[in-house]
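Undergrad: below are the sequence and a predicted model; questions follow.
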Amino acid sequence: MNANAADPIVVKIGGALIDDADRMSALWPALDTLTERAPVTLVHGGGKQMSAMADRLDHTPRRVQGRRVTTDLDLEIAQWTMNGALNTQLVAQATAHDLTAVGLSGADAQQVQVTKRPPWTIDGTTVDFGWVGDIDAVDPTLVEGLLTREIVPIVSPLGVDDEGQIYNVNADTVACALAGALGAQQLLFATTTGGVRREADDPASHLETCDASTFETGVEEGWIEGGMRVKIDTALDALRDGVERVLVCAPDDVAAQARATEVTT
């Protein structure tokens, strides 16, 4: 199949996976196989690396329901780590695995257009997330141009407003919005666990599917929380926005998808 004849696929990876050399070594050949099927865009986070940099600066980041509060310093850290070290590192790794890649941030060409998140009330407490952007629109033109040239865009989750202010944006949310804007056939969340589990440390508790009802039950019972809660929540949004399939899978399974958890409405 000519990759350019197929609808795109968006793959999202997080900082924990990026920090795992063995799993990343398995990811790249699987991505190479995936590009033979369809054009692929890679969106990455970097929460683990941001936290490590914060530790070096004697700074303790705050998280609320898996989402990071972004102070002035946190925003600088996001730019240093995600759009600096990690994005460049991923482009270099792609090159080493015979993939042609270009590193971008969501701020480039105003791809990810945002406004500052208003305060949220969570469990009776008002939370100001600081320099966190809520996505207003995604312009996929730049990514589409790269995909037609069989280049893999590697996108860091920064956004920009009309005044040129940079914002930190949740990477799962960016992946979801970009998949919708591209009319992607699939959105794949590649994780170290390789899917959704009822017991985090028990592979036997792996779910083949996770629908909206299961998600609500998991949140209520506490076995879907933190980053996974954000992933499933944004996955359901992606399906509502027209993405055909959303899966949570292991890095070596992004092409075969034999052991993935499929998110359904």
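TA: Good, I have the coordinates.
Undergrad: separation between the residue lying farthest from the centre of the chain and Gln79?
TA: Using Cα atoms, centre = their mean, the residue of the chain lying farthest from its centre is Gly124. It sits 28.7 Å away. As judged by Cβ to Cβ, to the nearest Å, Gly124 and Gln79 stand 33 Å apart. The way it works is simple: take the backbone N, C-alpha and C, and place the C-beta from them, glycine included.
Undergrad: where does the residue farthest from the centre of the chain land on pLDDT?
TA: You'll see Gly124 listed with a pLDDT of 86.
Undergrad: just so I have it, where are all the helices in this structure?
TA: Along the chain, counting by DSSP state H, helices occupy 15-18, 21-35, 47-56, 72-80, 87-96, 141-148, 171-182, 212-221, 226-240.
Undergrad: what's the third one in contact with?
TA: Read that as helix 47-56. Contact partners of helix 47-56, identified using Cβ atoms under 8 Å, 6 or more residues apart in numbering, comprise 14-16, 18-19, 60-61, 68, 73-74, 77-78, 80-82, 85-86, 227.
Undergrad: check the last one too.
TA: Outside of helix 226-240, the residues that reach it under the criterion Cβ under 8 Å, 6+ apart are 14, 47, 63, 65-67, 170, 172-173, 175-176, 179-180, 187, 189, 191, 196, 210, 212, 215, 218-219, 224, 246, 248, 263-265.
Undergrad: export that helix as PDB, just CAs?
TA: Output of helix 226-240 as PDB, limited to C-alpha atoms (Å, rounded to 0.1, in the frame of the first residue of the first chain):
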ATOM      1  CA  GLY A 226      -3.500   9.800  36.900                       C
ATOM      2  CA  GLY A 227      -2.000   9.700  33.400                       C
ATOM      3  CA  MET A 228      -4.200   6.700  32.300                       C
ATOM      4  CA  ARG A 229      -7.300   8.700  33.300                       C
ATOM      5  CA  VAL A 230      -6.200  11.500  31.000                       C
ATOM      6  CA  LYS A 231      -5.400   9.100  28.200                       C
ATOM      7  CA  ILE A 232      -8.800   7.400  28.200                       C
ATOM      8  CA  ASP A 233     -10.700  10.600  28.600                       C
ATOM      9  CA  THR A 234      -8.900  12.100  25.600                       C
ATOM     10  CA  ALA A 235      -9.300   8.900  23.700                       C
ATOM     11  CA  LEU A 236     -13.000   9.100  24.000                       C
ATOM     12  CA  ASP A 237     -12.900  12.700  22.800                       C
ATOM     13  CA  ALA A 238     -10.900  11.600  19.800                       C
ATOM     14  CA  LEU A 239     -13.500   9.000  18.800                       C
ATOM     15  CA  ARG A 240     -16.200  11.600  19.100                       C
END
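Undergrad: that one: how far from the chain's middle?
TA: Distance of helix 226-240 from its chain centroid, counting by Cα atoms, centre = their mean, to the nearest Å, is 10 Å.
Undergrad: could I get the buried residue list for that helix?
TA: For helix 226-240, burial by neighbour count (16 or more other Cβ atoms under 10 Å) applies to 227-239.
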